Structure formats: structure tokens, C-alpha cells
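Colleague: Have a look at this fold, sequence not included:
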């Protein structure tokens, strides 16, 4: 019997698999499921020893890119009044370029999205210090333009 490409390592992780993985690594996170397709995670992270603690929420509908927002403290513009880079509508974090498939449904959130939240917050703090986004990547406005041109 031939093995299909999506089987094994590329098989999408179920909501239950995602929940068990989060609970095993981060037992203090609040993890809730709605049915078999929706997962909500509320957790805390601290990018550096000198950083404040941030509370975040991940809403993941199986097979889609997770929506990630910071619950507290509120993210703020810099002293120049510039919008926060790498955010969608100044609400959701832009953690990866979807067209590059850096996150796939076969990935565990604990190995990708959750560490990326911490890394994003590190670059957010550095942006406040330097005035530059040092995290690289493609800005969401450019992503929308790119998608429209495909």
C-alpha cells in the first residue's frame, strides 16, 4: 500500500494533539477546545529577564493560520506615534509570511507559534528602543499587496 504525502510527518495535527502538546509543556496555560476544530490558548511569556510579562491569546481553527493577540499589557505606539510594525490592523500579530508556509497544520503550536510570540515581543521591545523593526520579515501591508497580485 502506497503512503500518501500527507501521512506521517505532514499529517495535520488534531486539536486534541495540539492541546495535549501545549498542556505537557505549558501546564499553566489555559487551553480550551470548542468541538473538534477550535482551540484557544491563553498564556504568558517574558521575552527577556528584564521584560515585563505579556499575556497572549491564540485562537486556532484547525487547518488555518492561528490568530494571535496580546491581551495585556496593551501594546503601544512608539514615541513618534508610529503604528506597531508586523501587525494586522494593529490587533493581530504577524508572526510569519503565510505564502512561505513557515507554519503548517502539521506543526505543533508549541514548536512554532508560541515561541514566535515571545520572539515577536522581543522585537517589539527592541523597536521601542531603536526605532527599527529588527525582526526582518515582510510587513502585512506588503503581504496583502503580494496576495492581490497572485
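Modeller: Nice, I can see it. If you're wondering where the values come from, they're calculated on a predicted model, not measured in any experiment.

Colleague: can we go C-alpha only for contacts and neighbour counts from here?
Modeller: Noted.

Colleague: How far away from the center of its chain is the longest helix anywhere in the chain?
Modeller: The helix that spans the most residues within the chain, counting by DSSP state H, is helix 113-130. Centroid separation between helix 113-130 and its chain, computed with CA atoms, centre = their mean, to the nearest Å, is 11 Å.

Colleague: for stretch 68-76, same thing?
Modeller: 13 Å.

Colleague: buried set for that stretch?
Modeller: 68, 69, 70, 75 (16 or more other CA atoms under 10 Å).

Colleague: Check the offset of stretch 50-69 from the chain's centre.
Modeller: Distance, centroid of stretch 50-69 to centroid of chain: 5 Å (CA atoms, centre = their mean).

Colleague: Show residues contacting that stretch.
Modeller: 12, 14-15, 37-47, 70-73, 91-93, 98, 103-105, 113, 117 (CA atoms under 8 Å, 6 or more residues apart in numbering).

Colleague: Among the buried residues of stretch 68-76, name the ones in strands.
Modeller: 68, 69, 70 (DSSP state E).

Colleague: Inside helices: which ones of the contacts of stretch 50-69?
Modeller: Using DSSP H, the contacts of stretch 50-69 in helices are 15, 113, 117.

Colleague: export the buried residues of stretch 68-76 to CSV and tack on distance to residue 121?
Modeller: CSV is the format used below for the buried residues of stretch 68-76 (distance: CA to CA, whole Å):
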residue, distance to residue 121
68, 12
69, 11
70, 9
75, 10
